[in-house]
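**Student:** pasting the structure only:
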C-alpha cells in the first residue's frame, strides 16, 4: 500500500518532490477511484483521508477539499508558504496513505491495488486528451 | 481497443438452438430458465430492496466474466459501490482477483445526479465501446429512471426513449445484459416489454419467517419453468429450489422387486415386502414405535448393502443414531462409510422445495435406494407458515419428485383421535402414498397392546389382519393375527366365544347370526332378540329352539322367556 502511494506521488508531468505534484497525485488517485466509486464517493474518501492526515501533520492545516471541483485540494500554496514545502509534501503523502489504508480497510487491500491499477491508465489517457 | 475474437459460450442445454446459452452459475436457476440465459439477451432483474437483485447479478457475472469476456458493472445511485464491494466480497462466489480485471465497476452517480439520462447513456456507450465486454450490468435502473422526465423536449431524453435506446444499444453491442430495478410485485413497467427476460424476486414475511421467491416471468427463446420458486441467500450466494426438480421430469422406471421392511413378520402382511419405488406411510399414535419401524427399514437396507438417506425433524442426528444403537441397530459405521446420510432440518422457515433439494442431493450423491422421512408431522412444523397452509400440495410435490428417482420412501406420521375416527395429523395426504400401515393401541384383558394393519397397498395384495407387535431390545417384531377378537378398532376389543372359532358346526348362516347376537347380548328375551336380529318372531322362535337343541343356547322362563348362549353360561 505504501508503495502504491509513493508511485502515485511521482506524476510524470509535475516536478517531483513539490507540493503541487503531491497534491496532483492525491487528486489523480481520487479521479482514478472515481470511475469505480463515483465522484461523490471518492470525494468523501479524500475528505476523510485529509481529516485523518491533518491530525498528524500541522502543515495540512490550511489544506481543504475544494468545494468547486469534485476532487481537488485547495490551500496548497498557503500551506507551503506557512510550513515549508517538505512538510506539506510529507503531509500530502500522509493523505494518500490514509486514503489507501481507509479504502483497504473497507474493501480489502487486494482489491484496492486492482482498482487503482485498472483505472489509472484510463485516467492518465483522459488527462492526455485534455 | 481489444481485437480478440469472442469465445463461444456453453451449448444450449434444453434443445438444439441457434442461440447459445449462458449458464448462470446460480444453483437451480438454469433449470428454471429452461437451460440458461440466451446469449446477448437483455434481462431485467426486478424486485424490492433487499430481495437479492445485486447478489444475483454479481453471482452471474462472477461465474461468467473472464479476461476475454469481461463484465462492466455500472452502479448508479442507491447502494454506494464501496459498500457493495465490501459486502459482496463476503460471498463465496466473489473472487477479488477478478475485480478490476475481468470485472470492471463503473459508477454513474455524477451523470445521474448532476446531468441527465443522455449523459448516462453516453457514458455507458463510451465505456462499453472501450472495454468491449461480454456482460453488462446496470444497478440499478430504477434509481436513475426516477430522475428522468416523462416528456421529451429541449434535448431532455424521456424515460421511454432512454429505455428503447439502451436496450437497442445492448442488443447491437452483443452483450448479455442485466438491468436491475426496484419494481413492486404486480408492477409492469415498459421495460418489462422491451426486455428479453424478466426475473422477479420477492420476499414475504409471514409471522416469524421470511420466504424468498423467484419467478421467471418471461424469457424469450426459452421455455422457463412456470410458477414461483423459493430461494435462499447463503454464504455462497443465491440457491434456488425449482418447483419441479429435474429428476421429476425424467422419471426412473420403477422396479418390480420387493424390499424387506426389516421388521420380522411385517413383510408377510405386505405380500412379501414393500414394492420398490413405493411411498409407504406408517401412521400411529405417539409412542407406538414409528421411529423404530423406520429405523429398521433403514437398517435393513444398509444390511443389504444399499445406501440410505434419513431425514429427521424432531431430534438431532446424534440422538437418532444413539436411539438406533439402543435397539442394536448401529448405524455409525454406515455414516462413516458414506452409505447413510442423516439430514436434520428444523429451522421452522423451510420451503418444501428447499427440503426436497437437499434430500435429492443426498439421494443422488449416495445413489440411495431408501429414504426415511421421520416424521411428516415434524416436517409440517418445520415448514414456513406459508407452506404449512398448503401442506398437501407441498407433500405431493415432495413425494412425486422423490419417487421419480426410483427410491422407496418410508414416512412416519402421527395419528390423533380415537378409532375408528382416527385421522392423520397430515390429513388428506394418504392419496399421495402407495402403501399405508396404521398402528394402534388396544386394551386386551386390562393390558395395553400394540396392533397394526396394512390399510392400503396400491396395486398389490396384502393381508387385512390386525397383527400384534412388540418392541423389544432388538426392535419391533410383528406377531400373530388377532382373529379371536371383535371390535379391535374401538380400542377395547372383545374376545369371541369358542363356538365362533369352531365355525358354528351344523348351523346355517341365519342360525349363526342369531347365535352371534345372543353371544354379544349375553342373554335376550324374544322382544330384544327380534329387535336385534330383525327376524319375525315365529322364525326367531324356530331358530332359538334349534340352537337350544344343539346345546348352543339354553332357555329359561324368566321375563316371559329368555335365551342365553351356552358359552356365556359356562363363563
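**Tutor:** That came in fine, so what should we check first? Note that this is a predicted model, so its numbers are computed, not measured.

**Student:** in the stretch 351-500 of chain B, what residue is nearest chain A?
**Tutor:** residue B:354 (31.6 Å; CB to the nearest CB). The way it works is simple: take the backbone N, C-alpha and C, and place the C-beta from them, glycine included.

**Student:** beta partners of the residue nearest to that residue when sequence neighbours are not counted?
**Tutor:** Counting by CB to CB, 6 or more residues apart in numbering or on different chains, residue B:354 lies nearest to residue B:241, which is 4.9 Å off, once chain neighbours are set aside. Under the criterion DSSP bridges, residue B:241 forms beta bridges with residue B:230.

**Student:** tell me the contacts of residue B:241?
**Tutor:** Shown in contact with residue B:241 (CB atoms under 8 Å, 6 or more residues apart in numbering or on different chains): B:28, B:229-232, B:351, B:353-354, B:356-357.

**Student:** quick one: residue B:399 and residue B:409 touch, right?
**Tutor:** Yes: using CB atoms under 8 Å, residue B:399 is in contact with residue B:409, at 6.5 Å.

**Student:** neighbouring contacts of stretch B:555-564?
**Tutor:** Residues contacting stretch B:555-564 (CB under 8 Å, 6+ apart): B:518, B:522-526, B:529, B:544, B:547-548, B:553-554.

**Student:** in chain A, what spans have low per-residue confidence?
**Tutor:** A:1-17, A:69, A:119-130 (pLDDT under 70).

**Student:** now do the strands in it.
**Tutor:** Secondary structure of chain A (DSSP state E): strands located at A:64-65, A:73-74.

**Student:** the ones you listed: which one's closest to chain B?
**Tutor:** strand A:64-65 (15.8 Å).

**Student:** what about that closest one and chain B, touching?
**Tutor:** No: judged by CB under 8 Å from any CB of the partner chain, strand A:64-65 makes no contact with chain B; its nearest approach is 15.8 Å.

**Student:** can you give me the helices for chain A?
**Tutor:** A:2-8, A:19-54, A:76-83, A:85-107, A:109-129 (DSSP state H).

**Student:** which of the ones you listed sits most buried?
**Tutor:** Mean neighbours per residue, mean count of other CB atoms under 10 Å in any protein chain shown, is largest over the helices of chain A for helix A:19-54, with a mean of 22.

**Student:** just list the residues touching the most centrally placed residue in chain A, thanks.
**Tutor:** Residue closest to the mean C-alpha point of chain A, counted by CA atoms, centre = their mean, is residue A:26 at 1.6 Å. Contact analysis of residue A:26 by CB under 8 Å, 6+ apart lists A:8, A:46, A:73, A:92, A:95-96, A:99.

**Student:** low-scoring stretches of the stretch 351-500 of chain B, by residue?
**Tutor:** B:417-430, B:483-484, B:495-500.

**Student:** err, chain B, not the other one
**Tutor:** Using pLDDT under 70, chain B drops low at B:1-17, B:78, B:142-160, B:184-190, B:245-255, B:346-349, B:417-430, B:483-484, B:495-505, B:567-571.

**Student:** which positions in it make contact with chain A?
**Tutor:** B:75, B:80-82, B:85-86, B:89, B:96-97, B:99-101, B:104-110, B:113, B:130.

**Student:** which positions in stretch B:202-215 come out as buried?
**Tutor:** B:202-203, B:209, B:211-215 (16 or more other CB atoms under 10 Å in any protein chain shown).

**Student:** tell me which element the most centrally placed residue in chain B falls in.
**Tutor:** For chain B, residue B:398 is the residue whose C-alpha lies nearest the centre (CA atoms, centre = their mean; 3.0 Å). Element membership for residue B:398 (DSSP states H and E) is helix B:391-404.

**Student:** which strands or helices does that helix pack on?
**Tutor:** In terms of contacts (3 or more CB pairs under 8 Å, 6 or more residues apart in numbering or on different chains; DSSP states H and E), helix B:391-404 is packed against helix B:246-249, strand B:279-284, helix B:352-366, helix B:376-382, strand B:408-416.

**Student:** many thanks, I have nothing further to ask.
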